[in-house]
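Participant: show me the folded form of this:
(one chain, ligands or ions: 1)
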Amino acid sequence: MLKNHNCGDLRSEHASQEVTLAGWVHRRRDHGGLVFIDLRDRSGLVQVVFNPETSPDSHSVARELRNEYVLAVTGQVSRRPEGTENPRMATGEVEILVKEAELLNPSKTPPFYINEDVEVDEALRLKYRYLDLRRPKMQDNLTLRYKITKFIRDFLDEKDFIEIETPVLIKSTPEGARDYLVPSRLYPGRFYALPQSPQQLKQLLMVAGYERYFQIARCFRDEDLRADRQPEFTQLDLEMSFVNEEEDILVLMEEMFVEMAAKLTPEKKVKRPFPRLPFQEVMLKYGSDKPDLRYGLEISEISDLVKESEFGVFSRAVNEGGRVRAFTAPGCSGYSRRQLDELGEMAKAYGASGVITIALQATENGGDNSLDSLSTEMVRSAAARYLSLDLVKSIAQRAGAGLGDLIIIVAGAQSMVERTLGGLRQEMAERLGLADPDVFAFAFVVDFPLLEWREEESRWESMHHMFTTPKDEHVSLLDSDPGKVQGKHYDLVCNGYELGGGSIRIHSRELQQKIFSLLGYSPEDSYERFGHMLDAFEYGAPPHGGIAFGVDRVAMILAGAPNIREVIPFPKTQSATDLMTDSPSLVSEEQLADLHVKIVHQQE
Ligand code: ASP
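Facilitator: Below you'll find the predicted structure:
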């Protein structure tokens, strides 16, 4: 090796030892006589001193050095002279007095600073990802990511799971997204699909008797990207046999995340036990199936209070089968016209026609601040003249508002009201600084409907996926009222993100066939696509269930990163391109001919 120590490991107890180090020039200071270099390797930085008097040869090497040159030095670890220690550096008590230095490789000036934590255009970072990944923050992120997967493997191994790989070239699996397809060379016109998840294979492993499986699996979904989505992503996928109830899986997963956080981010507070929140309740209270539970700002139904109101926006919404809901922004009664307009614009972006606010002005200092003292003059709202004081009071009571607060109300179709208030709730929490960055607020969302009605296509679709089993007591509703059936499906959410989801599965051919036909597959169609599953269920399939987590999202949250690209070494852009290797790219005519593929329309 060209080195026998790591830069970042050196401490005062190494003083007077001779060490050989190798790394990159992080920073260079030329003081005329002495040259100081901060030498960096993966472990961190150490100060290296070149003295023209004691080592003229190495000093002349040092004079040539620039940022990011690769350098090897041999020298003596020495305590820094008193008063020159640097308490902000882990190695700040020592420095290396160089005897020999060898330049291993020079470097062009990098397109951005590697030694400073400054904002750099993301496109540039992605094009020169190998330089971006040199930055200490990125090294921390990838190291944490490694520790997460190592923790998962160790934890599950302890619990008697085994890791089994499943293929990447498979038959299309329906997880609700578009598949990435791979044309077959040997079978013209046929395609493999890249797995959206190992769902069917892990279930088949249960039929095969493996009982406890997991895999850190790469999954592929060709869908529109968002901040926390990538075309390929990594999933912790697991499945267990002889489980029948959601709790069997949830208890184990809670233990895994609590231990993971305690070990890898001990500075964070984790609330236990993780609450189990019914889907309907979270949609009402938080307007989202992945609520951020670090703060309250709970949404309340006020449809019943306003259905007969003179204010047409409210009464019309209720009469047309919609909803009117509200939440309270504490202390925001003084919001300016402009601030209120901003909320209105945001609401429109979610599809609402606007937002109605009621500000309850506080009494002057020392006055009675209970709702009883509310008078008409203290109510500020564009709808004020249509709302009686009594109605305002009952809305305020329902929404938990007091004097000095702002009530934010949205009316209209239920899903739009949920989405809009969910978004505004998050916005207000941000403005009010309510989300404690030191808390992980985990929760399981349960009691999901099994099926969702797709209005445009007039058909049912699985809320999770088609292998999820209905709750035992709801099976009989499948024929009479499918929309009322709940599935044994659960999601784990944390701080406003969905970390993962899973379900107890169907393990009987008959029930699986029934679900397929509810989803609109004919028996022939379902056999053509899922015959292997239907057949397998007839050969002694055990009751089983599982879950899968987005490893990228878990790493993002544990690292406190703003998006998943920060914890993925070589991510794609938001428009699904790789700027470093320039893909997707054109391929040769021969390659296309081999695959029996003809390009009909080519983008310039
Ligand atoms: N296959 C599911 C998914 O990827 C997870 C599961 O049900 O285990 O979302």
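Participant: pLDDT below threshold where in the stretch 101-250 of the chain?
Facilitator: Scanning the stretch 101-250 of the chain for pLDDT under 70 picks out 173-175, 227.
Participant: let me fix that, I meant to ask about the chain.
Facilitator: When residues are selected by pLDDT under 70, those of the chain lie in 173-175, 227, 365-367, 604.
Participant: flag every residue of it that's near the ligand.
Facilitator: The chain has residues 175, 197, 199, 235, 501, 502, 503, 546, 547, 548 near the ligand, with proximity defined as CB under 6 Å from any ligand atom. Every C-beta, even on glycine, is put in place using the N, C-alpha and C of the backbone.
Participant: between those, which has the most around it?
Facilitator: Among the residues of the chain next to the ligand, the one with the most neighbours (other CB atoms under 10 Å) is residue 502, at 27 neighbours.
Participant: quick one: that one and residue 488 touch, right?
Facilitator: No. Between residue 502 and residue 488 there is no contact under CB atoms under 8 Å: 9.4 Å.
Participant: circling back: CSV for the residues of the chain next to the ligand, including secondary structure?
Facilitator: Output for those, formatted as CSV (DSSP: H, G, I helix; E, B strand; the rest coil):
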residue, secondary structure
175, coil
197, coil
199, helix
235, strand
501, strand
502, strand
503, strand
546, strand
547, strand
548, strand
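Participant: now residue 282: how far from the ligand?
Facilitator: 18 Å (CB to the nearest ligand atom, to the nearest Å).
Participant: which other residues reach the biggest helix by length in the chain?
Facilitator: Secondary structure of the chain per DSSP state H: the longest helix is helix 136-158. For helix 136-158, contacts defined as CB atoms under 8 Å, 6 or more residues apart in numbering pick out 42, 44, 117, 132-133, 163, 212, 214, 216, 236, 238, 256, 259-260, 263-264, 551, 554-555, 558-559, 561, 566-567, 569.
Participant: cutoff 7 Å now
Facilitator: Contacts to helix 136-158, defined as CB atoms under 7 Å, 6 or more residues apart in numbering, come from residues 42, 117, 132, 163, 214, 216, 236, 238, 256, 259-260, 263-264, 551, 554-555, 558-559, 561, 566-567, 569.
Participant: now intersect the residues you listed with the strands, please.
Facilitator: 163, 214, 216, 236, 238 (DSSP state E).
Participant: quick one: which of those is nearest to residue 224?
Facilitator: residue 236 (24.0 Å; CB to CB).
Participant: one step back: just the buried members of the contacts of helix 136-158?
Facilitator: Neighbour counting with 16 or more other CB atoms under 10 Å marks 132, 214, 216, 236, 238, 256, 260, 264, 551, 554-555, 558-559, 561, 566-567 as buried within these.
Participant: ok, those vs residue 475, which is closest?
Facilitator: Using CB to CB, the buried ones among the contacts of helix 136-158 come closest to residue 475 at residue 238, 25.6 Å.
Participant: wait, the closest one touches residue 549, no?
Facilitator: No. Between residue 238 and residue 549 there is no contact under CB atoms under 7 Å: 8.6 Å.
Participant: ok, the strand or helix carrying residue 98: who's next to it in the sheet?
Facilitator: In this structure, residue 98 sits in strand 94-105 according to DSSP states H and E. Here strand 94-105 has these sheet partners by DSSP bridges: strand 44-50 (parallel), strand 70-79 (antiparallel).
Participant: packed most tightly, which of the ones you listed would that be?
Facilitator: Among those, the stretch with the highest mean neighbour count (mean count of other CB atoms under 10 Å) is strand 44-50, at a mean of 24.
Participant: show me what the next helix or strand after it is packed up against.
Facilitator: Once strand 44-50 ends, the next helix or strand along the chain (criterion: DSSP H and E) is helix 56-64. With contacts taken as 3 or more CB pairs under 7 Å, 6 or more residues apart in numbering; DSSP states H and E, helix 56-64 sits against strand 35-41, strand 44-50, strand 94-105.
Participant: send the alpha carbons of the second one over as CSV?
Facilitator: C-alpha atoms of strand 44-50 as CSV (Å, rounded to 0.1, in the frame of the first residue of the first chain):
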residue,chain,number,x,y,z
GLY,A,44,-11.0,12.8,7.0
LEU,A,45,-8.3,15.5,7.0
VAL,A,46,-4.9,16.0,8.5
GLN,A,47,-2.6,19.0,8.3
VAL,A,48,0.7,18.3,6.6
VAL,A,49,3.7,20.7,6.9
PHE,A,50,6.5,21.1,4.3
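Participant: which stretches of the stretch 151-300 of the chain form helices?
Facilitator: 199-207, 246-264, 279-286 (DSSP state H, counting those that start in this stretch).
Participant: other SSEs contacting the first one?
Facilitator: Helices and strands in packing contact with helix 199-207 are listed as strand 232-241, helix 523-536, strand 544-550; criterion 3+ CB pairs under 7 Å, 6+ apart.
Participant: which residues does it contact?
Facilitator: Here helix 199-207 has contacts from 164, 166, 173, 175, 213, 237, 239, 241, 465, 467, 505, 533, 536, 539, 541-542, 544, 546, using CB under 7 Å, 6+ apart.
Participant: just the buried ones from those, in PyMOL syntax?
Facilitator: A single PyMOL command is used to select the members of the contacts of helix 199-207 judged buried by 16+ other CB under 10 Å:
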select buried, resi 164+166+173+175+213+237+239+241+465+467+505+533+536+541+544+546
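Participant: how much space between the residue of the stretch 151-300 of the chain found nearest the ligand and residue 182?
Facilitator: Going by CB to the nearest ligand atom, the ligand is nearest to residue 197 of the stretch 151-300 of the chain, at 3.4 Å. Between residue 197 and residue 182 the distance, using CB to CB, to the nearest Å, works out to 17 Å.
Participant: and residue 355, what does it touch?
Facilitator: Counting by CB under 7 Å, 6+ apart, residue 355 has contacts 343, 344, 347, 408, 409, 410, 424.
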